[in-house]
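Peer 1: Here is a sequence with its predicted model. Questions after.
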Amino acid sequence: MKYVVLLGDGMSDERIEGLGGKTPLQAAKTPNMDFMAKRGVLGLAQTVPAGYPPGSDVANLSMFGYNPVECYTGRSPLEAASMGVSLGPDDVAFRVNLVSLDARGGRLIMEDYSAGHISTADGRELVEDLQRQLGNDEFSFYPGVSYRHLMVWHNGKTAIQATPPHDITGQDILNFLPQGEGADKLIYLMNCSQMIFNNHPQYKRRAAAGELPANSMWLWGQGKAPAMGRFHEKFGLSGAVISAVDLIKGIGVYAGLDIINVPGATGYLDTNFKGKADAAIEALKNKDFVFVHVEAPDEASHSGKLADKIQAIECFDEQVVGPVLEGIKQFGDYRILCAPDHPTPVSIMTHTSDPVPFLIYSGEEKEKAGVAGYDEISAAATGYKVEEGFKLMELLLGK
């Protein structure tokens with residue numbers, strides 16, 4: 001038996017007037033997901049437990065079969081694992097976003113949480129400068145991918161309230177600066193980064209090229225190293241993870257799964273969709289389980305770009321779901337779980353805690369009556385709901 005999770009990050013949404021009251025999943029052409037939904041198990045799953053933030057960290061722990069209530073400590077420790085950065089027992093990891101702030105009428109506005117989706121090369125240049133100028137025995141900076149980077153606060157504080165920058169696009173940052181014990185140090189570092197970046201040669205270079213310059217770092221997502229059991233020990237299966245995102249790869253590292261890096265996997269609409277599908281089928285020759293993650297729908301949602309979100313969903317269905325559905329048949333018995341991790345409504349450009357539609361398909365041919373396809377409305381109409389999202393994995397594995 002082979003098992004695959006196909007995850008379209010943030011695919012789930014709300015009804016949109018401009019789509020005639022449909023959701024993006026309903027409006028998108030998704031013949032492969034529709035085919036499976038009409039023949040397999042369709043329902044809703046609550047991937048974000050009550051009282052927890054609806055972040056990709058919490059929701060994807062659930063999708064991997066881990067109860068966030070038992071093992072969630074924060075986003076950044078998971079990303080650190082993917083980057084090969086080991087955390088000591090008193091180290092606190094922070095996500096470093098490279099952002100673009102805009103001064104308007106005496107206020108400082110979060111213009112772009114990704115500094116125009118800054119390139120990895122430009123991002124590395126800036127973070128390496130942060131390490132040269134701000135790095136010391138207390139703080140260490142590590143370059144990552146695009147706008148997503150890492151800071152480790154040695155013997156740091158965790159009781160800090162820090163807001164994801166993609167939650168406050170277009171808003172005054174003054175109301176969302178870090179709060180709590182040690183927050184003053186974080187604000188000082190963020191202020192220092194503004195002076196460093198605004199005087200950096202890259203600032204003028206990007207501005208001259210018509211690209212949005214990064215003019216600040218933003219610290220959030222803090223936490224210490226989590227305690228997670230190995231996937232093989234938990235479920236008795238070997239497995240691999242395919243993603244462009246450090247967070248997802250980091251969960252895989254802690255779970256003891258192999259990490260497969262696909263050339264051209266960017267996390268955006270220009271990602272190598274087909275390459276991920278091909279890598280999944282190749283991995284199944286030696287593994288029992290593969291988790292394939294596609295970030296593009298979520299990024300489109302955070303940018304408020306409805307057309308891009310629909311296109312990302314359609315590319316996911318055509319170039320990932322379809323090829324995996326066809327390719328997996330060569331192995332005999334199989335089961336496929338397809339779902340988003342959380343909703344990311346385009347209208348609010350951030351995550352919500354609402355349940356997500358999921359399907360589980362294992363080769364059934366007979367179409368079920370009354371199922372229109374794979375979308376939020378059809379899933380809700382089944383009346384079937386998995387209240388604890390981490391139990392989806394047990395449902396997939398038939399445990």
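Peer 2: Cool, got the structure. Keep in mind that this is a model prediction, so the values were computed, not measured.

Peer 1: per-residue confidence for the residue lying closest to residue 273 once chain neighbours are set aside?
Peer 2: Nearest non-adjacent residue to residue 273, counting by C-beta to C-beta, 6 or more residues apart in numbering: residue 319, 3.6 Å away. In this view, the C-beta of every residue, glycine as well, is placed from N, C-alpha and C. Per-residue pLDDT puts residue 319 at 98.

Peer 1: what's the answer for residue 234, then?
Peer 2: pLDDT at residue 234 comes out at 96.

Peer 1: so how many other residues sit close to the nearest residue to it once chain neighbours are set aside?
Peer 2: Distances taken as C-beta to C-beta, 6+ apart place residue 65 nearest to residue 234, at 6.8 Å, with adjacent residues excluded. The local packing of residue 65 (other C-beta atoms under 10 Å) involves 22 other residues.

Peer 1: separation between residue 65 and residue 369?
Peer 2: 31 Å (C-beta to C-beta, to the nearest Å).

Peer 1: do the same with residue 345
Peer 2: Taking C-beta to C-beta, one finds residue 345 at 30 Å from residue 369.

Peer 1: Contacts only, for the residue nearest to residue 273.
Peer 2: 273-274, 277 (C-beta atoms under 8 Å, 6 or more residues apart in numbering).

Peer 1: What distance do you get for the residue nearest to residue 234 to residue 5?
Peer 2: 9 Å.

Peer 1: what's the answer for residue 122, then?
Peer 2: On the measure of C-beta to C-beta, residue 122 and residue 5 end up 33 Å apart.

Peer 1: okay, the two: which has more neighbours?
Peer 2: More crowded of residue 122 and residue 5, by other C-beta under 10 Å: residue 5, with 25 against 21.

Peer 1: Distance of that one relative to residue 313?
Peer 2: 17 Å.

Peer 1: swap in residue 235?
Peer 2: 29 Å.

Peer 1: When those two are compared, which one has more neighbours?
Peer 2: residue 313 (27 against 21).

Peer 1: Quick check: phi and psi at the more buried one.
Peer 2: Backbone torsions for residue 313, taken as degrees, to the nearest 10, come to phi -60, psi -40.

Peer 1: Not counting residues beside it along the chain, what's closest to it?
Peer 2: residue 28 (4.1 Å).

Peer 1: Which parts of the stretch 101-250 of the chain are strands?
Peer 2: For the stretch 101-250 of the chain, strands defined by DSSP state E, counting those that start in this stretch occupy the ranges 107-112, 139-145, 148-154, 160-161, 179-180, 216-223, 239-242.

Peer 1: ok, the second one: who's next to it in the sheet?
Peer 2: According to DSSP bridges, strand 139-145 forms sheet pairs with strand 148-154 (antiparallel).

Peer 1: Next, count neighbours for residue 388.
Peer 2: 15.

Peer 1: Same question for residue 352.
Peer 2: Neighbours of residue 352 (other C-beta under 10 Å): 17.

Peer 1: The one 4 residues further on too?
Peer 2: Using other C-beta under 10 Å, residue 356 is surrounded by 29 other residues.

Peer 1: Any figure for the gap between it and residue 399?
Peer 2: As for residue 356, its distance to residue 399 is 21 Å (criterion: C-beta to C-beta).

Peer 1: Please list all residues in contact with the most centrally placed residue in the chain.
Peer 2: Computing the C-alpha centroid of the chain and ranking residues by C-alpha atoms, centre = their mean puts residue 56 first, at 4.7 Å. Going by C-beta under 8 Å, 6+ apart, residue 56 touches 9, 75, 245, 247-248, 298, 341-342, 351.

Peer 1: Reformat the residues you listed as TSV; add pLDDT, distance to residue 100 and neighbour count.
Peer 2: Output for the contacts of residue 56, formatted as TSV (pLDDT from 0 to 100; distance: C-beta to C-beta, whole Å; neighbours: other C-beta atoms under 10 Å):
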residue	pLDDT	distance to residue 100	neighbour count
9	98	23	29
75	91	21	25
245	91	21	24
247	93	22	25
248	96	25	30
298	96	19	26
341	98	26	31
342	98	25	28
351	95	21	27
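
Peer 1: My reading is that the residue nearest to residue 273 is in a helix; is that accurate?
Peer 2: Yes. With DSSP: H, G, I helix; E, B strand; the rest coil as the criterion, residue 319 is part of a helix.

Peer 1: And it, how far from residue 399?
Peer 2: 31 Å.

Peer 1: still on that earlier bit, tally up the residues packed near the residue nearest to residue 313, please.
Peer 2: Counted with other C-beta under 10 Å, residue 28 comes out at 25.

Peer 1: What distance do you get for it to residue 11?
Peer 2: According to C-beta to C-beta, residue 28 stands 9 Å off from residue 11.

Peer 1: any shared contact partners between the two?
Peer 2: Applying C-beta under 8 Å, 6+ apart, one finds that residue 28 and residue 11 are jointly contacted by residue 313.

Peer 1: what about the stretch 1-150 of the chain, any weak spots by pLDDT?
Peer 2: Along the stretch 1-150 of the chain, segments meeting pLDDT under 70 are nowhere present.
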